[in-house]
Each structure stands twice: as C-alpha cells, then as structure tokens.
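1. Below are the sequence and a predicted model; questions follow.
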Amino acid sequence: MRFISRSGAVAAAVGAGLSLALLPAGSASAADDIQVECNDIPGLVDAINQANANGGRITLAPRCTYTLTAPDNPDDGLPEITGDVTISGNNSTIRRDPEAAENFRIFHVVSGGTLTLKSLTVRGGVSSNFGGGALNEQGTLNLNDTVFKDNSANTGGGVSNNGGQLHLDRTTVERNSAAMFGGGVLNTANGTMTMKGGSLLKNRAATSNGGGLENQVGTASLESVSVRGNTGIEGGGIRNVNGSTLNLKSTTLKDNIAVRGAGLSNLSTTFGTATATLVDSLVTRNTAITAGGGIDNQAGQVTLTNTKVIDNTPDNCAPEGSVPGCTNPTAAIDPPPAQGLQSDNDIKDPE
C-alpha cells in the first residue's frame with residue numbers, strides 16, 4: 001500500500017474546516033510525497049509513473065531491499081524517467097534479483113527527464129549495452145549519498161552518461177564491471193560529469209579501458225574523490241580520450257592497475273587533443289605492467305598544479321618528459337611505442 005501526504009497548505013486548509021473540493025485542481029498532486037512500502041514493486045512502478053506525469057517525491061521504506069524479478073520494459077527494471085522524479089531511499093536498496101531470468105539495468109533517464117536519487121543503493125543491474133545500474137541519455141541524473149554497486153554492462157558498468165548531465169555528490173561507485181570500457185562510469189557523447197566527494201572503488205574494465213572512469217568525448221570534473229583499486233587495459237583509474245577534458249581537484253588516484261596508464265591514461269586521437277588538469281591532487285602506488293604507472297600521456301596535454309605523482313610502478317609518467325613536473329626514478333623502464341595497447345573499437349567519431 002502507498003499513501004500520499006499532502007502539502008502543508010492543504011493540511012492547513014483541512015484544519016480550518018475547508019473542503020478539499022475548494023482547492024484549485026492539481027494543487028495537491030503537484031506536492032505529493034508518495035510513500036512506497038517495503039519491497040512493494042508494483043507500488044514503486046506506479047509511483048514513478050505518477051511522478052513522471054506530475055512531479056513529486058517518492059520516499060522508500062527505511063533500510064529495505066526492493067528486489068526486481070523481471071523488467072518493466074525490454075531493457076529496464078523500472079519505468080523510463082521522462083519527467084522530474086526524485087527518489088529518497090532512506091538507506092534502502094533497489095536491486096535486480098540475482099536469479100532473474102532476464103538481464104536488465106535498473107534506471108533509464110531519457111532526453112528531457114530528470115532523476116534525483118538520495119540515500120539509495122542501486123545494485124546488480126545487468127545490460128548488454130550501456131549502463132548496468134543506470135543509463136542517462138541526454139537527461140539529468142543527480143546522485144546524492146548514493147551507492148552503485150555490483151552492476152555490469154557492455155560499457156559503463158555502473159553508470160553510463162550519454163550526452164547528458166551527471167552529478168554525483170558524496171556517492172560511491174563500487175565493484176561494477178564493463179565488458180569493454182568504463183567499468184565504473186562512462187561519460188560520452190559530449191556528456192558532462194561532475195563528482196564531488198565519494199569514490200570510484202574497485203571497478204573493472206575487463207577487456208578494454210577506463211576501469212574507474214572512461215571519459216570519451218566528454219567533460220568530467222572530480223573534486224575530493226578517491227579513485228582507488230580499479231583495473232583496466234589502459235587507464236586503470238581513469239582514461240581521458242578523444243578530445244575530452246578532465247579536471248581533478250583534491251583527488252587521489254591510488255592502487256589502480258593497468259597494462260599501461262594505471263592511474264591515468266590521457267590519449268589524444270584524430271578526434272582531438274585530450275586535456276587533463278590535476279590540482280592539489282595525488283597519484284600514487286598505481287601499477288602498470290608496461291609503462292605509465294602513474295600517468296600515461298599519449299600526445300595529450302597534462303597540467304600538474306601542486307600535485308604529486310610519486311611511488312608508482314614501474315614509473316611515474318610515460319613517455320619520459322611528456323608530463324611537465326613529473327619525474328621518474330632512475331630505474332624506470334623505457335616506455336613502449338606510442339600506439340600502445342589501445343583498442344580500435346572504442347576510438348570513435350564524436351558525431
């Protein structure tokens with residue numbers, strides 16, 4: 001069962017003995033707070049459909065697990081977000097049932113839609129395409145005090161931001177995986193991503209690049225973020241490619257692993273110069289199999305301001321001298337050829 005808590009204005013009207021019939025049409029529904037009982041999936045679906053149509057806030061039961069056993073539509077566990085929808089989780093979880101017969105992601109924001117998630121864990125979504133936990137296609141996705149965990153997809157294992165606005169505030173993206181690139185987050189198609197606080201933790205790009213974050217034809221800004229324990233072929237922590245812009249402030253890249261560019265891979269292509277700016281940040285204890293333990297900068301531009309790149313294996317930066325202000329220990333190995341290990345299937349026309 002679900003119930004609706006009217007706005008304070010409506011409550012005052014009732015207290016004054018006025019009839020609800022005297023209220024202007026639609027004034028109550030615009031301020032609805034839709035309460036969804038624990039694991040009431042039909043109620044949650046109905047609440048999202050109502051919020052799509054009228055706006056309003058959905059509040060989940062505290063510390064409850066909502067388990068989706070079947071998709072709402074062919075690709076998504078819940079209805080597509082077409083309106084302005086806010087879900088307050090109260091430390092609850094929405095997950096795909098591990099025994100579900102079909103694969104589906106959890107959330108899908110379409111063009112013009114806005115989804116805000118607060119105090120919620122999104123877990124176990126599976127997509128054969130973009131975004132195991134959530135796909136944002138030219139919409140707006142706001143994640144506040146939220147966890148995306150154990151989701152998987154072909155690309156963008158946790159979250160895929162395709163040409164939209166993605167905002168993460170005190171949010172953790174953890175143990176997600178992509179068959180190709182963007183184990184934790186994929187930001188692409190001229191999408192904009194901002195992340196403040198939180199972490200990209202132990203995500204994996206299984207056969208390609210950008211274990212924690214793949215910024216591909218996009219702009220990404222991270223402040224006070226921990227990028228730690230992620231793995232990929234290139235860019236274990238972050239890969240910035242195809243003319244993308246990456247800004248890191250007060251951010252740590254640590255304990256990431258890759259064949260090359262374990263902390264950060266910054267790769268320019270025929271589609272543009274990749275630009276990365278690191279301010280007041282730390283790149284340390286990352287491990288590359290060949291070169292670029294801290295940063296691998298292939299024909300891109302990397303600027304370090306009050307930033308340390310230290311104690312990475314087998315070197316701090318490659319090729320030697322490509323990152324001003326970054327020095328390697330005397331025992332550093334020679335970097336491999338510039339063409340390196342990038343796979344052709346994710347170097348694409350930004351159009």
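-> Now that the structure is in, tell me what you want to look at.

2. in the sheet, who's paired with residue 194?
-> residue 167, residue 221 (DSSP bridges).

3. what residue ranges in this structure score low on pLDDT?
-> Residue ranges of the chain with pLDDT under 70: 1-31, 331-351.

4. top strand in it by residue count?
-> strand 84-96 (DSSP state E).

5. partners of that one in the sheet?
-> Here, using DSSP bridges, strand 84-96 pairs with strand 57-60 (parallel), strand 65-68 (parallel), strand 114-123 (parallel).

6. possible to save those as a markdown table with mean neighbour count and distance to residue 132?
-> In this view, the C-beta of every residue, glycine as well, is placed from N, C-alpha and C. Listed next are these as a markdown table, based on neighbours: other C-beta atoms under 10 Å; distance: least, C-beta to C-beta, whole Å:
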| stretch | mean neighbour count | distance to residue 132 |
| --- | --- | --- |
| strand 57-60 | 22 | 21 |
| strand 65-68 | 19 | 13 |
| strand 114-123 | 22 | 9 |
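
7. what would those strands look like in CSV with distance to residue 156?
-> What follows is these, written out as CSV (distance: least, C-beta to C-beta, whole Å):
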stretch, distance to residue 156
strand 57-60, 24
strand 65-68, 19
strand 114-123, 13
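
8. looking at those strands, which is closest to residue 39?
-> Closest to residue 39 of these is strand 65-68 (C-beta to C-beta; 5.3 Å).

9. Residues touching the closest one, excluding its own?
-> 36, 38-41, 44, 60, 77-78, 92-97, 100, 104, 106 (C-beta atoms under 8 Å, 6 or more residues apart in numbering).

10. I'd like to know which of these are buried.
-> Neighbour counting with 16 or more other C-beta atoms under 10 Å marks 36, 39-41, 44, 60, 77-78, 92-96, 100, 104, 106 as buried within the contacts of strand 65-68.

11. neighbouring strands for the helix or strand harbouring residue 141, and are they parallel or not?
-> Per DSSP states H and E, residue 141 falls inside strand 140-144. Sheet partners assigned to strand 140-144 using DSSP bridges are listed as strand 114-123 (parallel), strand 165-169 (parallel).

12. Using a markdown table, lay out these together with distance to residue 295.
-> Formatted as a markdown table, these follow (distance: least, C-beta to C-beta, whole Å):
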| stretch | distance to residue 295 |
| --- | --- |
| strand 114-123 | 31 |
| strand 165-169 | 23 |
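
13. mind checking which of those strands is nearest residue 204?
-> Nearest to residue 204, of the strands paired with strand 140-144 and by C-beta to C-beta, is strand 114-123 at 16.1 Å.

14. now that closest one, how far from the chain's geometric center?
-> Distance, stretch centre to chain centre, for strand 114-123: 11 Å (C-alpha atoms, centre = their mean, to the nearest Å).
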